[in-house]
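Enquirer: Got a sequence here, can you model it:
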Amino acid sequence: MEHTTPAPGNKYANLDKEKQAASRVTVIGMVLDAILGLFKMVVGTLFHSHALVVDGIHSFTDVASDLMVLGVMRISRQAPDEDHPYGHQRIETFGTLLMGSLLIAVGAALAWENVQRLFTDDLTFTPGWPVLVVALLSVVGKEWIFRYTRKVGQEIRSDLIIANAWHSRTDAFSSGIVVLSTIGAMLGYLWLDTLAAVVVAGIIIHVGWSFGWSSMKELVDTGLSVEDTERLLAIASDIDGVRDVHELRSRRMGDDILLDVHLVVRPDVSVSEGHQVGMRVVSAMRKELDNIRDINFHIDAEDDESYHPTSALMPSRKIIQKAIHQITPEAPTGNRLRLHYLKNKVHLELFLDGSEGDFDSAGLRAQLGEFPWFGSLRVWQTAD
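Expert: As a prediction, this is how the structure comes out:
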């Protein structure tokens, strides 16, 4: 018996609000990036600061990434449809991977450029004070948009928006490099800003790698951590009616968790009781991890991991009823016959009323024993 339980309530009721919040913060950041990029390039050109010009180009790459984020969020926050029954959150994961790759590329470019500057020392002029003012304004502005964007990303649980926030902070880092380079040039220590640039570039690469690697793991369906998996196994095992838990598999889709779990219950319980046991497991797991979206639980009557599972080629109810009728035509069937498929054998239960006291259960048991699939026969009879 298998059943899938989606998260209670309308999981997608807030998608429009989340999409609007993500779009709003991204547009604000994009406008800020465009203004800062223009100022940096103009001031850097007029006051002889190649570093500020490059930093302005970096700001315009932020504009391009903001446009990408807007497009990805518009698609990924759509509700499920016929072609995508699990939703579109993997698109956001892919966008986060691209964002991480962009951070790595920006960091590597900054590192390479500043390593070259460190060894060639081609700075032959002193930047003007407006360079320092614009760079400081950029640090303040980008640090503000970083904190604002990260806050929104955490509220809507979007790795892509959080990654974009860190991308904004790379611009603050690079502007900080310009501040250091300007102060260093004014004091005569031109190498300080270049060394700091290499260090910050390494931090940018590390942040990009963290986002890229986590997204890559999600795209290849990496499961939950060992600790979280063991917690869920322990919770399921403690539920009344669960005899064993096995094949707990998990994967992520955005911030959501999808689970598949096999629960072993007593073989003689009813279908509805087995289902109720599964629902109690689902409820307990969701209390432990509130971002579980779907739990697909399978109710087993036996632990099919310990030995070869019962074959699908075992005889069906129709075939077994026909065999019983050929032996004992008066034998009850229908809902008075209960079948248990365990360890590649079929165990039968017959329910008789008081008027069927002369039923030859011993003879039926003996003749059924000639079938290779027969396991046992139990006969229950009510009093008159």
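Enquirer: drop to CA atoms for contacts and neighbour counts, all remaining ones
Expert: Will do.
Enquirer: Show me what whichever helix or strand residue 21 is part of is packed against.
Expert: Using DSSP states H and E, residue 21 sits in helix 15-46. Here helix 15-46 touches helix 50-76, helix 129-155, going by 3 or more C-alpha pairs under 8 Å, 6 or more residues apart in numbering; DSSP states H and E.
Enquirer: can we see that at 6 Å?
Expert: helix 50-76 (3 or more C-alpha pairs under 6 Å, 6 or more residues apart in numbering; DSSP states H and E).
Enquirer: how about the next helix-or-strand element following the helix it packs on: buried residues?
Expert: Next along the chain after helix 50-76, taking DSSP H and E as the criterion, comes helix 89-120. Using 16 or more other C-alpha atoms under 10 Å as the test for burial, helix 89-120 gives 89-108, 110-111, 114-115, 117-118.
Enquirer: Helix 89-120: how far from the chain's middle?
Expert: Relative to its chain's centre, helix 89-120 lies at 24 Å (C-alpha atoms, centre = their mean, to the nearest Å).
Enquirer: same question, stretch 263-273
Expert: 31 Å.
Enquirer: any idea of the mean pLDDT in that stretch?
Expert: For stretch 263-273, the mean per-residue pLDDT is 84.
Enquirer: measure it end to end?
Expert: Distance across stretch 263-273, first residue to last, is 13 Å (C-alpha to C-alpha, to the nearest Å).
Enquirer: which parts of that stretch are buried?
Expert: For stretch 263-273, by 16+ other C-alpha under 10 Å, it's 263, 264, 265, 267.
Enquirer: quick check, nearest of the residues you listed to residue 198?
Expert: residue 263 (53.9 Å; C-alpha to C-alpha).
Enquirer: Wait, residue 377 touches residue 348, no?
Expert: Yes. Under the criterion of C-alpha atoms under 6 Å, residue 377 makes contact with residue 348 at 4.8 Å.
Enquirer: Name whatever forms a beta bridge with the residue most central in space within the chain.
Expert: The residue lying closest to the centre of the chain (C-alpha atoms, centre = their mean) is residue 252, at 2.0 Å. Here residue 252 sits in beta bridges with residue 257, as judged by DSSP bridges.
Enquirer: Low-confidence regions, the stretch 251-384 of the chain specifically.
Expert: Applying pLDDT under 70 to the stretch 251-384 of the chain flags residues 253-255, 304-308, 333-335, 354-357, 383-384.
Enquirer: Please enumerate the helices of the stretch 201-350 of the chain.
Expert: Secondary structure of the stretch 201-350 of the chain (DSSP state H, counting those that start in this stretch): helices at 226-237, 271-288, 317-327.
Enquirer: Poorly predicted segments of the stretch 1-150 of the chain, please.
Expert: Within the stretch 1-150 of the chain, the ranges that satisfy pLDDT under 70 run 1-16, 48, 50-51, 72-92, 120-127.
Enquirer: Recalculate using a threshold of 90.
Expert: Low-confidence regions of the stretch 1-150 of the chain, defined by pLDDT under 90, span residues 1-146, 148-150.
Enquirer: re the thing from before, relative orientation of the helix holding residue 21 and helix 50-76 in degrees?
Expert: Angle of helix 15-46 versus helix 50-76, following axes from the mean of the first three to the mean of the last three C-alpha atoms, to 10 degrees, is 160 degrees.
Enquirer: Helix 15-46: which residues count as buried?
Expert: By 16+ other C-alpha under 10 Å, the buried positions in helix 15-46 come out as 18-19, 21-23, 25-27, 29-30, 32-34, 36-41, 43-44.
Enquirer: again, but for stretch 131-151
Expert: Quick answer for stretch 131-151 (16+ other C-alpha under 10 Å): 131-132, 134-136, 138-139, 141-151.
Enquirer: hmm, who's touching stretch 44-61?
Expert: 33, 37, 40, 41, 127, 128 (C-alpha atoms under 6 Å, 6 or more residues apart in numbering).
Enquirer: Need the CA coordinates for that stretch. PDB is fine.
Expert: The C-alpha trace of stretch 44-61 is given here as PDB (Å, rounded to 0.1, in the frame of the first residue of the first chain):
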ATOM      1  CA  GLY A  44      37.200  56.900 -12.400                       C
ATOM      2  CA  THR A  45      37.900  58.200 -15.900                       C
ATOM      3  CA  LEU A  46      38.000  61.900 -14.900                       C
ATOM      4  CA  PHE A  47      40.200  61.300 -11.800                       C
ATOM      5  CA  HIS A  48      42.600  58.700 -13.100                       C
ATOM      6  CA  SER A  49      41.500  55.600 -11.300                       C
ATOM      7  CA  HIS A  50      41.600  52.400 -13.300                       C
ATOM      8  CA  ALA A  51      40.500  50.400 -10.300                       C
ATOM      9  CA  LEU A  52      37.300  52.500 -10.000                       C
ATOM     10  CA  VAL A  53      36.600  52.100 -13.700                       C
ATOM     11  CA  VAL A  54      36.900  48.300 -13.400                       C
ATOM     12  CA  ASP A  55      34.700  48.400 -10.300                       C
ATOM     13  CA  GLY A  56      32.100  50.300 -12.300                       C
ATOM     14  CA  ILE A  57      32.200  47.500 -14.900                       C
ATOM     15  CA  HIS A  58      31.700  45.000 -12.000                       C
ATOM     16  CA  SER A  59      28.600  47.000 -11.000                       C
ATOM     17  CA  PHE A  60      27.200  46.600 -14.500                       C
ATOM     18  CA  THR A  61      27.700  42.800 -14.300                       C
END
